[in-house]
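S.K.: pasting the structure only:
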């Protein structure tokens with residue numbers, strides 16, 4: 001049975017998915033368009049149940065301080081830090097907006113969602129050490145990475161990461177950088193805080209409500225069909241603007257919306273697992289997030305890392321990820337998600353990507369074949385004296401990597417995020433994964449700019465009040481960078 005709501009109840013904006021992206025967009029709309037009616041539909045029993053959940057991501061607060069895949073080396077050994085600068089800028093934007101919300105009375109203390117944790121990059125071998133030196137020199141030249149430290153001294157590293165150096169051969173070449181400006185972010189907690197604040201402003205939040213269809217009306221609005229997960233009852237709302245922030249579920253919904261901009265796009269799902277320990281002794285001995293180098297053929301999202309986490313007031317360590325495969329696009333999705341996403345217009349892209357990514361296929365097969373002993377052996381490469389009994393295996397979130405055609409028409413597998421806008425700016429959706437949550441504010445600002453270009457000038461003063469660097473590049477304005485860093489550090493209680 002389908003129930004169409006009365007026109008008076010139809011919202012200006014429908015947000016699909018109750019993760020960090022929709023929560024952030026709801027918060028931004030509260031700043032620039034507080035009179036707009038907004039409705040959020042989440043298919044799960046609560047918001048932040050999928051990729052935004054703290055156990056479903058690494059919580060790194062991607063500021064490009066330690067992730068080596070953001071600083072690739074060229075054939076001559078020189079290191080390009082431009083992507084790292086872009087991502088760090090975007091994280092600074094997130095920090096500014098979170099700081100604004102805290103000053104405005106966001107419920108809860110900042111320590112409920114963000115805490116200071118040093119970020120460290122770690123490599124072994126002579127080639128790794130040379131790369132790390134080159135990387136450090138390139139990053140140290142940017143004001144965004146001021147204060148970064150470098151060492152290849154084992155004694156000093158034993159102070160930075162004692163658990164990782166214990167039992168390591170004394171003659172092994174090691175090198176690392178450290179930034180004490182790093183953070184750990186509980187995106188699940190942050191999402192719930194943002195959604196709660198949005199509800200207090202009048203945003204209607206409905207859980208256990210799955211959006212099944214999105215259809216364009218002749219008047220330019222969108223019919224959004226919603227199914228109650230408990231009763232199976234259907235209802236329909238009409239919206240002027242729809243944002244699909246449903247993680248892996250975004251691709252199928254954008255396909256059903258039948259916008260030409262989604263043609264050629266496909267998705268490749270990758271699941272992940274982590275080893276976790278809550279041993280007080282181990283946790284106290286590793287007070288950092290440490291990223292290494294990815295294995296040959298491994299996707300960037302599979303870069304190994306040993307992370308301190310603070311979730312629901314408890315400290316733990318996570319190591320991984322160990323890649324896996326499931327045809328589901330969400331943890332709570334269907335085994336038919338992948339085959340149902342195949343269309344005539346994206347089949348060529350998907351087959352082309354499969355042909356051109358044989359090393360990735362081999363890597364995934366090797367990961368799927370790993371048992372407990374093999375996973376433990378990978379951990380001991382990071383932490384030589386790790387005991388298998390101290391760690392348990394947990395399943396993290398599903399990620400759907402973007403498959404598309406590049407400017408030349410060649411199929412590519414993209415390990416980033418992609419904003420798709422259609423319907424003359426009346427519908428938008430976000431595809432992809434990392435850096436994802438950490439850059440949510442920058443991503444949702446892009447949604448506002450691309451979907452409401454005629455309103456941005458009027459919204460600019462409010463946006464600049466909430467985000468002082470809006471419209472400017474911090475890397476080009478060291479004085480502004482120092483100002484926003486000091487303010488956000490104080491407001492978000494990141495002084496250590």
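M.R.: Yep, that arrived. As the structure is a prediction and not an experimental result, all values here were calculated from the model.
S.K.: quick one: low-confidence parts of this protein?
M.R.: For the chain, the stretches with pLDDT under 70 are 1-8, 295-302, 353, 358-361, 363-365, 367-368, 434-435, 496.
S.K.: and the most centrally placed residue in it, what does it touch?
M.R.: Centroid check for the chain by CA atoms, centre = their mean gives residue 436 as the closest residue, at 2.4 Å. Neighbouring residues of residue 436 by CB atoms under 8 Å, 6 or more residues apart in numbering: 20, 51, 57, 62, 417. Every C-beta, even on glycine, is put in place using the N, C-alpha and C of the backbone.
S.K.: if you set the cut-off to 7 Å instead, what comes out?
M.R.: residue 417 (CB atoms under 7 Å, 6 or more residues apart in numbering).
S.K.: swap in the one 5 residues further on?
M.R.: Residues in contact with residue 441, defined by CB under 7 Å, 6+ apart, are 24, 93, 94, 97.
S.K.: JSON lines for the residues you listed, including neighbour count and distance to residue 214?
M.R.: Listed next are the contacts of residue 441 as JSON lines, based on neighbours: other CB atoms under 10 Å; distance: CB to CB, whole Å:
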{"residue": "24", "neighbour count": "26", "distance to residue 214": "21"}
{"residue": "93", "neighbour count": "22", "distance to residue 214": "29"}
{"residue": "94", "neighbour count": "27", "distance to residue 214": "28"}
{"residue": "97", "neighbour count": "24", "distance to residue 214": "28"}
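S.K.: okay if I get these as a markdown table plus distance to residue 119?
M.R.: Output for the contacts of residue 441, formatted as a markdown table (distance: CB to CB, whole Å):
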| residue | distance to residue 119 |
| --- | --- |
| 24 | 22 |
| 93 | 18 |
| 94 | 15 |
| 97 | 21 |
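S.K.: which one among these gets closest to residue 284?
M.R.: Nearest to residue 284 among these: residue 94, at 29.2 Å, using CB to CB.
S.K.: SS state for the closest one?
M.R.: Per DSSP: H, G, I helix; E, B strand; the rest coil, the secondary structure class of residue 94 is helix.
S.K.: my guess is residue 334 is in a helix, correct?
M.R.: No - assessed with three-state DSSP, residue 334 is coil; it does not lie in a helix.
S.K.: so it touches residue 327, yeah?
M.R.: No - look at residue 334 against residue 327 with CB atoms under 7 Å: they stay out of range, at 8.3 Å.
S.K.: so for those two, which sits in the more crowded spot?
M.R.: residue 327 (16 against 13; other CB atoms under 10 Å).
S.K.: how about that one, what does it touch?
M.R.: Applying CB under 7 Å, 6+ apart, one finds that residue 327 lies in contact with 269, 335, 337, 338, 339.
S.K.: out of these, the closest to residue 422 would be?
M.R.: Of these, the one sitting nearest to residue 422 (CB to CB) turns out to be residue 337, at 21.2 Å.
S.K.: can I assume residue 319 sits in a strand?
M.R.: Yes - counting by three-state DSSP, residue 319 is located in a strand.
S.K.: count of neighbours near residue 432?
M.R.: With other CB under 10 Å as criterion, residue 432 counts 23.
S.K.: from residue 285, how far off is the closest residue to residue 424 other than its chain neighbours?
M.R.: Spatial nearest neighbour of residue 424, chain neighbours left out: residue 220 (7.7 Å); criterion: CB to CB, 6 or more residues apart in numbering. Per CB to CB, to the nearest Å, residue 220 is found 59 Å from residue 285.
S.K.: please consider this matter closed, and thank you.
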